[in-house]
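In: any chance you can model this:
(8 chains, ligands or ions: 10)
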Amino acid sequence: MARKAYIEIDPERCKGCGLCVNVCPQKIIKFSKEFNAKGYHPAQQIDPDEKCIGCGFCYMNCPDTCITVYRIPKE
Amino acid sequence: MARKAYIEIDPERCKGCGLCVNVCPQKIIKFSKEFNAKGYHPAQQIDPDEKCIGCGFCYMNCPDTCITVYRIPKE
Amino acid sequence: MADKTLLKGTEAMAEAALRAGCQVYFGYPITPQSELIEYMAKRMPEIGRTFLQAESEVAAVNMIYGAACTGTRVMTSTSSPGFSLMMEGVSYIAGAVLPAVFINVVRGGPGLGDIQPAQSDYFQGTKGGGHGDYRLIVLSPATIQEAVNMMFDAFDLADRYLNPVLIIADGLLGQMMEPVELPDFLMPDRMPNHDSWALRGKGTRKKHSVTSFDLDPLKLEEMNLANFEKYRKIQQKEVRYEEYLMDDAEVAFVAYGTMGRILKTTIRMAREAGIKAGMIRPITLWPFPEKPIQEAAKKVKMVMSVEMSMGQMVEDVRLAVSGKVPTPFYGRTGGVVPTPTEVFEALKREWEAIV
Amino acid sequence: MADKTLLKGTEAMAEAALRAGCQVYFGYPITPQSELIEYMAKRMPEIGRTFLQAESEVAAVNMIYGAACTGTRVMTSTSSPGFSLMMEGVSYIAGAVLPAVFINVVRGGPGLGDIQPAQSDYFQGTKGGGHGDYRLIVLSPATIQEAVNMMFDAFDLADRYLNPVLIIADGLLGQMMEPVELPDFLMPDRMPNHDSWALRGKGTRKKHSVTSFDLDPLKLEEMNLANFEKYRKIQQKEVRYEEYLMDDAEVAFVAYGTMGRILKTTIRMAREAGIKAGMIRPITLWPFPEKPIQEAAKKVKMVMSVEMSMGQMVEDVRLAVSGKVPTPFYGRTGGVVPTPTEVFEALKREWEAIV
Amino acid sequence: MNGKVAFKRPDSLTAKEFTYCPGCLHGVAHRLVAEVLDELKLTGQTIMVAPVGCSVFAYEFFDVDGTVAPHGRATAVATGIKRSLPDRVVFTYQGDGDLAAIGTAETIHTANRGEKITTIFINNAIYGMTGGQMAPTSLVGMKTTTSPYGRNADSEGYPIHVCELLQNLNGVAYLERVSLLTPKDIIAAKKGIKKAFTAQARGLGYSLIEIVSTCPTNWGLSPVESLEWAKQKMLPEFPLKVFIDKVGDVK
Amino acid sequence: MNGKVAFKRPDSLTAKEFTYCPGCLHGVAHRLVAEVLDELKLTGQTIMVAPVGCSVFAYEFFDVDGTVAPHGRATAVATGIKRSLPDRVVFTYQGDGDLAAIGTAETIHTANRGEKITTIFINNAIYGMTGGQMAPTSLVGMKTTTSPYGRNADSEGYPIHVCELLQNLNGVAYLERVSLLTPKDIIAAKKGIKKAFTAQARGLGYSLIEIVSTCPTNWGLSPVESLEWAKQKMLPEFPLKVFIDKVGDVK
Amino acid sequence: MSLSGKKYHSTIISGFGGQGVMLIGQTLTYAAMTEKLHVTWIPSYGPEMRGGTANCTVVIDEEPIGSPVIDRPTDVIAMNIPSLLKFEKCILPGGTLLLNTSVIDREPTRTDIHVYRVNAGEIAGKIGNDKVANMVILGAFCGITGVLSLESVQHAMEKKLAGKKPELLEMNVRALQAGKIAIEGQ
Amino acid sequence: MSLSGKKYHSTIISGFGGQGVMLIGQTLTYAAMTEKLHVTWIPSYGPEMRGGTANCTVVIDEEPIGSPVIDRPTDVIAMNIPSLLKFEKCILPGGTLLLNTSVIDREPTRTDIHVYRVNAGEIAGKIGNDKVANMVILGAFCGITGVLSLESVQHAMEKKLAGKKPELLEMNVRALQAGKIAIEGQ
Ligand SMILES: Cc1ncc(C[n+]2csc(CCOP(=O)(O)OP(=O)(O)O)c2C)c(N)n1
Ligand SMILES: Cc1ncc(C[n+]2csc(CCOP(=O)(O)OP(=O)(O)O)c2C)c(N)n1
Ligand code: SF4
Ligand code: SF4
Ligand code: SF4
Ligand code: SF4
Ligand code: SF4
Ligand code: SF4
Ligand SMILES: [Mg+2]
Ligand SMILES: [Mg+2]
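Out: Ligands and ions are numbered 1, 2, ... in the order given. Down below sits the predicted model:
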């Protein structure tokens, strides 16, 4: 199964609120172990199984506009 | 037919607004020709035919609480 | 004399404001200012200007704030209790460095007071009835003609310095009629250009922001210092006053607005009685004509303040005189207008005390 | 030292107000005063007093007016923009000759400003930010202990003179903690008796009326004159100030509240550097301690005012000094608190200029 | 003649003559309130708050303790009184400019808090005292000194319906719009006022009686014409109705 | 990777990072408004009025001309702007303390005038900025720093329902209560916001979108718990609903 | 008070609300303006005036006017008894008091002033309209003081009543003239 | 600055929001009060502090305290790098700088002050709770300055934490002591 979609999270903007983690239907967003400059553990997408469906829920729920969602066009 | 009721109008309090004149169902209130100290023609009851029924409409409508209504008890 | 018309003071000020380019007016009725708002209600639609009766003075002053943000010539008028309600908004407008014109047709206070002419809002206007370090430019006319001309000055000052301007009048000036010459309508090209900061939608330029705050006190201090630098310039350049028979004066009256006008009669009485009285009549209450009073204090024997209040401007007079000569005060309060005669009597008493 | 507790200034003032007999409190949240209203919200129900958060400062001041009409000990607290909104109501309360206590925890202004400590509402408090001829009794504490004791004084003065009393504090005093001794709760028999005028339902007596107006200016003038007669008494009897190292002083600082406290450190620095500095710290801002400053002006070489503002109280200092000695001013604005060191530097400059 | 008094000035009014214009219904409203105070025997324990408006002197006309609030703030003042003395009866008497323009926030929040006070609200669709300016309740098209071309709904909005606005607030215990245009209306108005004070006396919450009234002077009509105009123009806009009644039957 | 952008920060936001607490939905509301401005191509002609409240800096976050109104007066300020420049788009962004406590009169009268502006109203049932005091929309029993024993309906009243209050006013063109608690809600909210701005652009009158939001910091809950609490407690009190829609279908 | 003393008149016009005292004052003021004199008009105002006594003050001078408020007027026009009682005592010695005797049935007490009497109501009644009594008084006042020509007063009145019915205008003109005639010989 | 110079300390305690700097300051203040010293505590405040650096100032003196706001403190406790950068330069010559080296990985530049270093995070970790790092620092500070006895500080801490779990209390006490030990010999 080819990757359908993926997201980018701006780690410096992220405040680690976890709303994206909570809302992702595929449960593929996790907190990083690292701290960002603000002192938060930013969220990051961990999607080895290419489960992201590009639904945008994470984007919609993120209060700090950290997330960009990409969809990979079918060839 | 015996007099049933009558009213007293305080001529000095009266501002000649005419609301009592207007509302009396028996049409027995008229303006006096005289001026009172305020410069108004006060209302007065002219009831030679003893038509006053003591309904109190004049009292109710008078904005300046000039009117007292009396009812004559049946013997 | 050129062609004159007969107008009530309130109406004359309203018409003059329109001729001075006032585009938008917001206000709330209150005696003895209501004829002004009523005039605006009738006249502004006729000439394509915008009139709106606000739901309160608090709303009105904030509508002023909004309109001023767009760089539009805007004004309001009210009377004492209404101006008190505007204090927060006035402080915001001053803090946000915005141009706007206010008229306070002062009435007897405090509280509900009465609706007779008074001058007991001097402190509120000149010292800042609102919170924080700011100043209003405060003007006060003595005649309707002066009031008419002052409307042009007021809008110009507001636009030049980006600062609220307050005109303090009173019920006497407001209710009075006298012949007055109305200047022509201001041409649009004489109108201010506030393109560099006004909020009008950013279009293709960078966005503009207008605020009255900075949570960093050092930055807020910078804003305040810039404002006070501006105030210093205003103090240097914009002091306005009238000297009346001061050349040979031994007593200098200081009085403003209607009181300054009434005093001219007193001064004639005094001179007939052999007391060489003159007057310095502040036209700008802020900036206060400190220097001319200082100069006068070097020549006269006494500087006497007369106000329709318990004594407010007299503090500025005393600050200027700084102990050089006696500075007696005469005033009436609560909407009582001193008559020329009673002031003359007061002058005689004070004069006898020092000669 | 007796038993002390550690409290924030805002909380200490709140607790002290309750012990001083405050029965009813109305207020609206605003930084840096919110801890006071929050303390009241928690504490008043515990001891059977009445707390209500108003929908705005305008509503709050009018609730105060209502409660004061009943002769109940009532207070509110706010910070600068909120106090501006109260100006109409304050003028009414003063005009209606009613007792009430206000606290303004002043923050940087004008406008929204910031939430840091400031003293730029001095004019508003002392000269009358509202309209009309009236005065507030204005107190300003320098330490939390003084603030605590002052609450008792404030209610007493309000009740004795039937006049609103304003306590001007600032965020520094409000947010600071220091050990403080709390006086006991006031006994009910120490409470004022306002039976002769208060509105409590007429029962079998004649009706009472409380108003702030008379449409006849001569009668309104009488009301004002009676108030000013009262003010004269207050000026005679109720001036409070602290003198600090004034005995041998060559320089008199004048500063109030937190600034007065900070200056004590500056003064120690100055004395270590050989400049004999002292201070007159006004505790009542109105009535202003004019006489002690006049007396000082006879002995010292300079009277220097320091404020957390662009210079407001300095006008009262200059009125008192009346040109006798130089009256320099040092201030910071917008919520910046001058440090002891910078004031010391300023002192040195001014001192060198005159010696 | 030896009649028995059937109707006479209520005791809760002082002897002072009203300062209202001839035919102004403020006076009728006063009388009704006073009658209710008499009947409920509340006079001695009542405190009233007069507004700024034509009825600024109302505190002199009622034989109760009273004060005058700043324009629009009567219910805030009343709240201050009631919270200080919860067992007293407190009422405000307010015009439409006072209550529904500058005093809007105080009106809504007092009602919402269910403040145990009563408001007598005189809706004459105009600012009477200051000389006939537009009120929030002025009718669309109505000419006033500040709407000289007639109130324009598009730029000045529609008349505010105070009862309709307040009817969603839980704190309100009694809410009715009445008028004083006919004897029947007057009798109904009195009943409403009595219920409103009863609601307060029983601690049920806030009560308000809106009274559709007249302003002959600023409407430019005679007192009698004013009644007619009010019937024709005001009543369709401000229909008479009980909006909230948590009181039930009152003797 | 070479995906195509499906969702990204709207252009009508500046680069500035939001100053809100982690998980605060103010940020989501901002993004939706910015997306709508982008889509309706209104950015260049829009002027915004920020309130005093947590969103005091909103004027910095939107890439439009803007100012900050005194606490509660945003719609009055917006009125001043709109009347001066009738062809611009003006919106206010206000919290519940700002709009429904101190600003009640301005809110009602702006709506009643049918002022052609749009209000984004964030209802988080608390005063966020000043540290968690009781708001007019705080729930009965809710503990806040000024209702430490829980809001008491009898003395402090019931939560104010802004939409229910405004729905009787003729001047309102679009009025809806939405939430941001689930992706579905967020999509619906955006649709509402778009209609609100469309109402303005078409000159239909006043539009207001009430957004049921959260305040994790002052509710003392985590961001995710806050969503849950809002669903459980806020939505029953503040049901989502279109109250007025004079706009019709919008593409 | 005028230093020159030439054409100076400070006049208080006082009466019941409905007697048209404001119009008398404004007409006078307008006429003075057309004669290029300095002039101020100021009313008493306020709701407490409702139904009570209203008055206004007109000051006419050849020089710029100091005080528009006058405690010692040169002339008083009293249209009713309260006005007479209130203002008689203020008139400057040698000044003028004009009484509307159709309402005032008592006599002034001062002897150091000139008193004129006009039964304005009666004269107006003869002209056919009670309401023009105020113009009768104004005509009389012009005749007494001579400060303004009847022509400019008439012109001013026409301005003020512009738009009113021609009959009414004509009656007002007749009232003015009748007033002037009425005081001739007093 | 104390004229007597006896027991005078003006201390700025600064760090991230969550590091408990306010509690350090208040505990110190409380302890000073119980030792009958004059003392003031003042926080920096305001929403702009949210998530950023917070600090408070404690002034302890045997005499009444003048300024509670201090621009030249005798001591600084820096819990993070921004605090070090901001406050190092203010310390009075001869004053004290206490560094939390579990967060601060850089060195101060001043040579005219006494610098102490404590790895509070590590020590707290050993005690079993990262959160007691602030008490480690407080213990160290008491050891350095000797202005207050460890007993009164401990008592103050117990007051402040009244109602908390006994284990927690006990850990805090151990942290205090460990902090004091940590700077011995520095
Ligand atoms: C703060 C303030 N603003 C304005 C006024 C002026 N004012 C007095 S009464 C009034 C309106 C009165 O209208 P309404 O409330 O309808 O009462 P009515 O006279 O019609 O009975 C106004 C605007 C005032 N006294 N105070
Ligand atoms: C006149 C005035 N009163 C009070 C304040 C203090 N204040 C600032 S924001 C605010 C309330 C904020 O609550 P809300 O409007 O609900 O916005 P939120 O912070 O919850 O988003 C208050 C009371 C102020 N700035 N000005
Ligand atoms: S786009 Fe959808 S599936 Fe992909 S990470 Fe975001 S929420 Fe999860
Ligand atoms: S929703 Fe945004 S801010 Fe919150 S954790 Fe996810 S990316 Fe970070
Ligand atoms: S009581 Fe009735 S019938 Fe008698 S006068 Fe009055 S209205 Fe007329
Ligand atoms: S209603 Fe009253 S005031 Fe009016 S005319 Fe009749 S008695 Fe006189
Ligand atoms: S102005 Fe109108 S409301 Fe006021 S008293 Fe006269 S008629 Fe009544
Ligand atoms: S305090 Fe509440 S509303 Fe304000 S930013 Fe934080 S979470 Fe959001
Ligand atoms: Mg009305
Ligand atoms: Mg909120």
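In: quick one: low-confidence residue ranges for chain A.
Out: A:1, A:75 (pLDDT under 70).
In: the residue nearest the centre of it and chain H, how far apart?
Out: Closest residue to the average C-alpha location of chain A: A:Gln45 at 4.5 Å, with C-alpha atoms, centre = their mean. From A:Gln45 across to chain H, the span is 24 Å (C-beta to the nearest C-beta, to the nearest Å). Where C-beta positions appear, they are placed from N, C-alpha and C, glycine not excepted.
In: tabulate the CA atom coordinates of the lengthiest helix in chain G in CSV.
Out: Counting residues, the longest helix in chain G under DSSP state H turns out to be helix G:166-183. Provided in CSV are the C-alpha atoms of helix G:166-183 (Å, rounded to 0.1, in the frame of the first residue of the first chain):
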residue,chain,number,x,y,z
PRO,G,166,-49.7,85.9,4.9
GLU,G,167,-52.7,86.9,7.0
LEU,G,168,-50.8,86.1,10.1
LEU,G,169,-47.8,88.1,9.0
GLU,G,170,-50.0,91.0,8.2
MET,G,171,-51.6,90.8,11.6
ASN,G,172,-48.2,90.8,13.3
VAL,G,173,-47.2,93.9,11.3
ARG,G,174,-50.4,95.6,12.5
ALA,G,175,-49.7,94.6,16.0
LEU,G,176,-46.2,96.1,15.9
GLN,G,177,-47.5,99.4,14.7
ALA,G,178,-50.4,99.4,17.1
GLY,G,179,-48.0,98.8,19.9
LYS,G,180,-45.9,101.7,18.9
ILE,G,181,-48.9,103.9,18.7
ALA,G,182,-50.1,102.7,22.1
ILE,G,183,-47.2,104.2,24.0
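In: contacts for it, please.
Out: G:98, G:116, G:118-120, G:123-124, G:126-129, G:132-133, G:135-144, G:150, G:153-154, G:157-158, G:161 (C-beta atoms under 8 Å, 6 or more residues apart in numbering or on different chains).
In: give me the buried subset of those.
Out: G:98, G:116, G:118-120, G:123-124, G:127, G:129, G:132-133, G:135-144, G:150, G:153-154, G:157, G:161 (16 or more other C-beta atoms under 10 Å in any protein chain shown).
In: ok now the lowest-mean-pLDDT helix or strand in chain G, how far from the chain's centre?
Out: Of all helical and strand segments in chain G, the minimum by mean pLDDT, DSSP states H and E falls on helix G:81-87, at a mean of 87. Put simply, helix G:81-87 sits 14 Å off its chain's centre (C-alpha atoms, centre = their mean, to the nearest Å).
In: for it, which positions count as buried?
Out: G:Ile81, G:Pro82, G:Ser83, G:Leu84, G:Phe87.
In: so which of those is the closest to chain E?
Out: Compare each of the buried residues of helix G:81-87 with chain E using C-beta to the nearest C-beta and the shortest gap goes to G:Pro82, at 17.0 Å.
In: nearest spatial neighbour of that closest one, skipping sequence neighbours?
Out: G:Thr53 (4.9 Å; C-beta to C-beta, 6 or more residues apart in numbering or on different chains).
In: coming back round to it: return the subset of the buried ones among the contacts of helix G:166-183 lying in helices.
Out: Going by DSSP H, the helices hold G:120, G:123-124, G:127, G:133, G:135-144, G:150, G:153-154, G:157 from those.
In: quick revisit: check contacts around the residue nearest to the centre of chain A.
Out: A:Tyr6, A:Ile7, A:Glu8, A:Ile9, A:Ile28, A:Ile29, A:Cys52.
In: out of those residues, who's the most crowded?
Out: A:Ile7 (26 neighbours; other C-beta atoms under 10 Å in any protein chain shown).
In: where does residue 37 fall, helix, sheet strand or coil?
Out: As the question left the chain open, I've gone with chain A. coil (DSSP: H, G, I helix; E, B strand; the rest coil).
In: CSV for the contacts of A:Gln45, including secondary structure?
Out: Shown next, in CSV, are the contacts of A:Gln45 (three-state DSSP):
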residue, secondary structure
A:Tyr6, strand
A:Ile7, strand
A:Glu8, strand
A:Ile9, strand
A:Ile28, coil
A:Ile29, strand
A:Cys52, coil
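In: so what's E:Ile193 up against?
Out: Applying C-beta under 8 Å, 6+ apart, the residues near E:Ile193 are E:Leu32, E:Val33, E:Val36, E:Ile120, E:Val178, E:Ile209.
In: out of those, which are inside strands?
Out: Taking DSSP state E as the definition of strands, those contribute E:Ile120, E:Val178, E:Ile209.
In: rebuild the residues you listed as CSV, extending it with neighbour count and distance to chain F.
Out: Formatted as CSV, those follow (neighbours: other C-beta atoms under 10 Å in any protein chain shown; distance: C-beta to the nearest C-beta, whole Å):
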residue, neighbour count, distance to chain F
E:Ile120, 28, 21
E:Val178, 24, 20
E:Ile209, 27, 19
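In: residue in chain C nearest to chain A?
Out: For chain C, C-beta to the nearest C-beta, closest residue to chain A: C:Lys207, 17.7 Å.
In: give me the number of neighbouring residues for that residue.
Out: 21.
In: what about it, distance to F:Gly44?
Out: 10 Å (C-beta to C-beta, to the nearest Å).
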